[in-house]
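[1] sequence? don't have it. structure:
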């Protein structure tokens, strides 16, 4: 046989052999072993602990969310107070300008032409 023929045969047969499990005549996979009661109890305890941990984590996140919302509302309330104060100050400044202009005009008219 030539070397090319050997390579073709080997590459064709090896995947077939690799797909056959050793010692398995029926080709059916064996069922997994059933868990023992102690293994189930251990798994149940682990799952319960994970559940408690997740509930604690949820509680911490809920508290953090409530604190964050409280801080946000405080910031918004503070900003609102500053806005009201600045608008009131701006209105007071406009009144002062109009009052000053009116007083200046009145004083100029009272002095008369010079």
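    Okay, I see it. Everything numeric here is computed off the predicted structure, so don't read it as measured data.

[2] where in this structure is pLDDT low?
    For the chain, the stretches flagged by pLDDT under 70 are 1, 7-8, 12-30, 33-35, 112-114.

[3] so where's the longest helix in it?
    If you go by DSSP state H, the chain has its longest helix at helix 37-111.

[4] what's near enough to touch residue 46?
    Going by CB atoms under 8 Å, 6 or more residues apart in numbering, residue 46 touches no other residue. (C-beta placed from N, C-alpha, C; glycine too.)

[5] quick one: it and residue 90, what's the gap?
    Residue 46 sits 65 Å away from residue 90, going by CB to CB, to the nearest Å.

[6] What of residue 103?
    20 Å.

[7] try residue 58
    Residue 58 is 47 Å from residue 90, by CB to CB.

[8] and if you look at residue 65?
    For residue 65, the distance to residue 90 - CB to CB - is 37 Å.

[9] burial count for residue 106?
    10 (other CB atoms under 10 Å).

[10] With the one 4 residues further on instead?
    Other residues lying near residue 110 total 7 when counted by other CB under 10 Å.

[11] which residues touch it?
    By CB under 8 Å, 6+ apart, residue 110 has no neighbours at all.

[12] from here on, count from 52
    New numbering, starting at 52: the last item is residue 161.

[13] Residue 154 versus that one, what's the distance?
    Per CB to CB, residue 161 is found 10 Å from residue 154.

[14] so who does residue 102 touch?
    Contacts of residue 102 by CB under 8 Å, 6+ apart: none found.

[15] do you know how far it is from residue 114?
    Distance from residue 102 to residue 114, by CB to CB: 19 Å.

[16] Could you do residue 130 as well?
    From residue 130 to residue 114 the distance is 25 Å (CB to CB).
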